[in-house]
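[1] just coords:
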């Protein structure tokens, strides 16, 4: 489904799964968690791995709510709408239809007029679906807040920290990280942009200049295709550890990796466990 969001058969199968099958699986998973936590041999499980597993199960049991099962199904269907809308975005460029990700490559060329043109085409295409995406986001916010409230959380952010098992850091830690980025990294980035502007010989740096190559420099092309990227990735992993290389090779042979940018491919997969 995420490989081809425009395929109605795949979409219907996904919606059937999240709407009809998954809500029936959830109560069974809940029962299994309860059996595990009530088992008299639980204290015999030693080691960090079991500790992490059990705290995740305990937290899952703390926040699970029957009324959220159907809400979660509806939420996944709404998130699939986002993938369908964003996956359909493309522009016409030099006689061909290309995805927005493919279009971003043209922002690296040294012809500034072409960079500006392709950038504006990308923005114009996104603007066409701005209202649809805004409406969808509003619906998602309402549904997510309802899920959080049902589980006695003040907001969806805190609910997700619990749902995703974020035990080793808090939302406050993330905010402190944001402040650190603003304080230390933003000034560095501004210096990099100023240096880049000087290299390009521009009086003002525009959004379509950020990735531009300077005159005489060819943009880096570490791989020519998805297959080439996989081949080189496997080679690098083999240098680090042959086991990593073999794992990546198995994923490739089993078609568990989809790197090619194309129209209809989901850009983001959002998973929100109960």
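    Done, it's in. These figures come from a predicted structure and were not determined experimentally.
[2] Residue 169: how many residues sit nearby?
    Using other C-beta atoms under 10 Å, residue 169 is surrounded by 11 other residues. In this view, the C-beta of every residue, glycine as well, is placed from N, C-alpha and C.
[3] nope, residue 159 is what I was after
    By other C-beta under 10 Å, 22 other residues sit near residue 159.
[4] let's number from 497 now, not from 1
    Sure, I'll start counting at 497 from here, so that last one is residue 655.
[5] model confidence over the helix or strand where it lies, on average?
    Per DSSP states H and E: residue 655 is located in helix 652-659. Across helix 652-659, the average pLDDT comes to 94.
[6] Now the element after it, going C-ward?
    Later in the chain than helix 652-659, the nearest helix or strand by DSSP H and E is helix 667-676.
[7] which residues sit against that following helix?
    Helix 667-676 is contacted from outside by 653, 654, 657, using C-beta atoms under 8 Å, 6 or more residues apart in numbering.
[8] and after it, which helix or strand comes next?
    By DSSP H and E, the next helix or strand past helix 667-676 is helix 682-696.
[9] quick one: buried residues of that next one?
    Within helix 682-696, the residues scored as buried using 16 or more other C-beta atoms under 10 Å are 692, 693.
[10] likewise stretch 554-571?
    555, 556, 559, 560, 564, 565, 567, 568, 569, 571.
[11] Give me the distance from that stretch to the chain's centre.
    22 Å (C-alpha atoms, centre = their mean, to the nearest Å).
[12] Can you give me the end-to-end span of it?
    This stretch, stretch 554-571, spans 24 Å end to end (C-alpha to C-alpha, to the nearest Å).
[13] could you give the mean pLDDT of it?
    In this model, stretch 554-571 carries a mean pLDDT of 93.
[14] Likewise for stretch 681-691?
    Here the average pLDDT along stretch 681-691 is 97.
[15] what helices or strands is the helix or strand where residue 618 lies leaning on?
    Assigned by DSSP H and E, residue 618 falls within helix 608-624. In terms of contacts (3 or more C-beta pairs under 8 Å, 6 or more residues apart in numbering; DSSP states H and E), helix 608-624 is packed against strand 586-589, helix 596-600.
[16] by contact count, what packs against the shortest one?
    Applying 3+ C-beta pairs under 8 Å, 6+ apart, we find strand 586-589 packed against strand 592-595, helix 596-600, helix 608-624.
[17] What count of nearby residues applies to residue 717?
    Neighbour count for residue 717, taken as other C-beta under 10 Å: 9.
[18] Narrow the contacts of helix 667-676 to those that are buried.
    Of these, these count as buried by 16+ other C-beta under 10 Å: residue 657.
[19] quick one: which of the contacts of helix 667-676 is nearest residue 635?
    Nearest to residue 635 among the contacts of helix 667-676 is residue 653, at 18.0 Å by C-beta to C-beta.
[20] and residue 716, helix, strand or coil?
    coil (DSSP: H, G, I helix; E, B strand; the rest coil).
[21] mind checking how far it is from residue 707?
    11 Å (C-beta to C-beta, to the nearest Å).
[22] of those two, who's got more company?
    A count of neighbours by other C-beta under 10 Å puts residue 707 above the other of residue 716 and residue 707, at 16 against 7.
[23] in a helix, that's where that one is, yeah?
    No: Residue 707: not assigned to a helix; according to three-state DSSP it is coil.
[24] So it sits against residue 605, correct?
    No: the criterion here is C-beta atoms under 8 Å, and residue 707 misses it with residue 605 at 9.3 Å.
[25] Please tell me how far residue 646 sits from residue 673.
    29 Å.
[26] So which of these two has more stuff around it?
    More neighbours surround residue 646 than the other of residue 646 and residue 673, with 15 against 11 (other C-beta under 10 Å).
[27] Quick check: which ranges of this protein have low pLDDT?
    For the chain, the stretches flagged by pLDDT under 70 are 763-770.
[28] Name the residue most distant from the centre of it?
    Distance to the chain centre peaks in the chain at residue 536, reaching 39.8 Å (criterion: C-alpha atoms, centre = their mean).
[29] Regarding it, what is its secondary structure?
    Taking three-state DSSP, the label given to residue 536 is coil.
[30] List the contacts of it.
    Residue 536 touches nothing, counting by C-beta under 8 Å, 6+ apart.
[31] Fine by me, we can end here.
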